[in-house]
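**Q** could you look at this predicted model? Sequence included:
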Amino acid sequence: MEGSSLENNQEFTSPQTLVLIGRKGNGKSATGNSILGTQSTHTFRSERSSSGVTATCELIKTKLEDGQMLNVIDTPGLADSCSENDLIADEIISCKNKDRDGIHAFLLVFSVRSRFSKEEEAAINSLVMFFGEKVYDYLIVVFTGGDLLDKDNETLTNFLHDCPDKLKVMYTMETLSMCENRFVLFDNKTKDENKKSEQVKKLVSFINTVSLKNAGKPYTSEMFNELKEQREKLPILEASKWNTGQDISELPNEMHGEHLNQIIEMLVEPLKETTLSLEQQLDEERVARAKYEEDARAAKQKLDEETCCVILEIGKLQEESRKRTWLSRMCFIL
C-alpha cells in the first residue's frame with residue numbers, strides 16, 4: 001500500500017474501519033481501490049458510470065506500509081428514496097458487524113465532474129438521518145476528479161469559489177463546516193505513485209484526527225440501533241418527511257416528552273439556521289453599504305478640498321496677472 005502519515009514505530013492494535021458513502025457514480029469504488037493500493041489482492045468493481053456499479057456493501061481489508069490495518073467498506077450509491085437508503089444503512093451496519101468493530105470514519109464522496117442533484121442532497125440528508133448528527137464527528141469529505149482539476153491547473157478551493165453550481169457549493173461548504181473542514185482531493189486515474197501515496201497519507205492523517213477527536217471510540221451498532229428505534233417511533237413519511245397534516249395534539253401519548261422535543265427540534269433547527277444565515281447576510285450587506293458610504297463621503301470631501309485649492313490657486317494667478325498688467329502700464333507712462 002502507498003503508506004500513511006503515522007510514524008513508522010507506532011503499533012496498531014486494531015484495524016480502522018472506513019465506510020465510503022455518496023451518490024451513485026461519484027467514484028466511491030475507485031476511491032476505495034486507491035486506498036487499498038496496487039498491492040491489494042482484492043479490489044472493488046469500478047466502472048465509469050453515472051448509475052453506479054456497486055449493488056451491495058462489500059468489505060475489503062488492507063495493510064499500509066506502516067503496519068496500520070484498514071477495513072474499507074464500499075456501499076451502493078445513496079438515492080433519493082428514503083426506504084432504499086434505509087436498507088443500505090442497515091446493510092452497512094451488518095457488513096461492519098462481520099468484523100465486530102465500529103466505524104472509525106465515514107468518507108462522503110463528492111465528484112467535481114457532476115452537478116448537484118436530488119441524489120446528492122439525499123446522500124447528505126440520509127447520512128444524518130440514519131446515523132445522527134454525531135456522524136459529523138466521524139466525517140471526512142473526499143472529492144474525486146483530481147485529474148480534471150490538474151488538467152485545468154486549478155485548485156479545489158478555486159474550483160469551489162468559481163463553480164457556477166451554487167447549490168452544490170452551498171451544500172458542500174455547509175458539510176465541510178460541520179465536519180471541521182476535513183477534506184481531501186483524490187485523483188483515482190493517476191499513475192504517479194508519489195501522488196497516490198500523498199493523497200492516501202492525507203486521508204489517513206484525517207482518519208487519525210477523527211480517532212483522536214472521538215477518544216479512539218468508533219461509531220457503534222448500539223448508537224445506530226438506538227437512533228433507529230427513536231426514528232421508527234416518530235410519525236414520519238418515507239422516513240424523512242414530517243406529516244404536516246397531523247396535529248401535534250393528536251399524537252399518541254408515547255410521542256410526548258422526549259420524542260416531541262426531538263420533533264420540535266427537527267422543525268425549528270433548519271429555521272434557526274436559515275434565519276441566522278439571513279441575519280449574517282444582512283449584517284454583511286449593512287457593513288459593506290456603510291463602508292461604501294464612508295468611502296464616498298471621504299472621496300467627496302477630498303474632491304471639495306482639491307477644488308477649493310484649485311480655485312484659490314486660480315485667484316492667486318489672476319491677482320498676479322492684474323499686478324503685472326498694472327506695473328507694465330505704469331512703466332509705459334513713465
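**A** Ah, there it is. Values in this document were obtained by computation on a predicted structure and should not be read as measured data.

**Q** return the residues in contact with the most centrally placed residue in the chain.
**A** Centroid check for the chain by CA atoms, centre = their mean gives residue 176 as the closest residue, at 2.8 Å. Listed by CB atoms under 8 Å, 6 or more residues apart in numbering, the contact partners of residue 176 are 141, 182, 183. All C-beta atoms are positioned from the backbone trio N, CA, C, and that covers glycine.

**Q** residue 131: how many residues sit nearby?
**A** Around residue 131 there are 24 other residues, counting by other CB atoms under 10 Å.

**Q** and what of residue 35?
**A** Residue 35 has 26 nearby residues by other CB under 10 Å.

**Q** leaving out sequence neighbours, find the closest residue to it.
**A** Closest residue in space to residue 35, ignoring its immediate chain neighbours: residue 72 at 5.6 Å, by CB to CB, 6 or more residues apart in numbering.

**Q** so that neighbour touches residue 62, yeah?
**A** Yes - counting by CB atoms under 8 Å, residue 62 is a contact partner of residue 72 at 6.6 Å.

**Q** shared neighbours of these two, anything?
**A** 35, 36.

**Q** so those two - more neighbours on which side?
**A** residue 72 (24 against 19).

**Q** tell me the pLDDT of residue 17.
**A** With respect to pLDDT, residue 17 scores 91.

**Q** for it, list each beta-bridge partner.
**A** residue 71 (DSSP bridges).

**Q** ok, it - contacts?
**A** Applying CB under 8 Å, 6+ apart, the residues contacting residue 17 are 70, 71, 73, 96, 99, 101, 102, 103, 104, 105, 218.

**Q** rerun that using 10 Å as the cut-off
**A** 59, 61, 69-73, 95-96, 99, 101-105, 207, 218-219 (CB atoms under 10 Å, 6 or more residues apart in numbering).

**Q** which of the residues you listed are buried, as a ChimeraX select command?
**A** Here is the ChimeraX selection string for the buried members of the contacts of residue 17, based on 16 or more other CB atoms under 10 Å:
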select :59,70,71,72,73,95,96,101,102,103,104,105,207,218,219
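
**Q** can you pull out the helices in the stretch 1-150 of the chain?
**A** Along the stretch 1-150 of the chain, counting by DSSP state H, counting those that start in this stretch, helices occupy 28-36, 82-97, 118-131, 146-151.

**Q** which of those comes out lowest on mean pLDDT?
**A** The lowest average pLDDT among the helices of the stretch 1-150 of the chain, as it happens, falls on helix 82-97, at a mean of 62.

**Q** quick one, grab the pLDDT at the closest residue to residue 178 other than its chain neighbours.
**A** Residue nearest to residue 178 in three dimensions, not counting chain neighbours: residue 136, with 4.5 Å by CB to CB, 6+ apart. pLDDT, residue 136: 93.

**Q** related to what we said a few turns ago, so the residue nearest to the centre of the chain versus residue 105, what's the distance?
**A** Remark: distance between residue 176 and residue 105 (CB to CB, to the nearest Å) = 15 Å.

**Q** swap in residue 281?
**A** 33 Å.

**Q** same deal with residue 161?
**A** 27 Å.

**Q** kindly report the same for residue 23.
**A** Distance from residue 23 to residue 105, by CB to CB: 19 Å.

**Q** ok, now residue 189?
**A** 23 Å.

**Q** again, but for residue 124
**A** In terms of CB to CB, residue 124 sits 16 Å off from residue 105.

**Q** same check, this time on residue 121
**A** From residue 121 to residue 105 the distance is 22 Å (CB to CB).

**Q** ok, residue 75 next?
**A** 14 Å.
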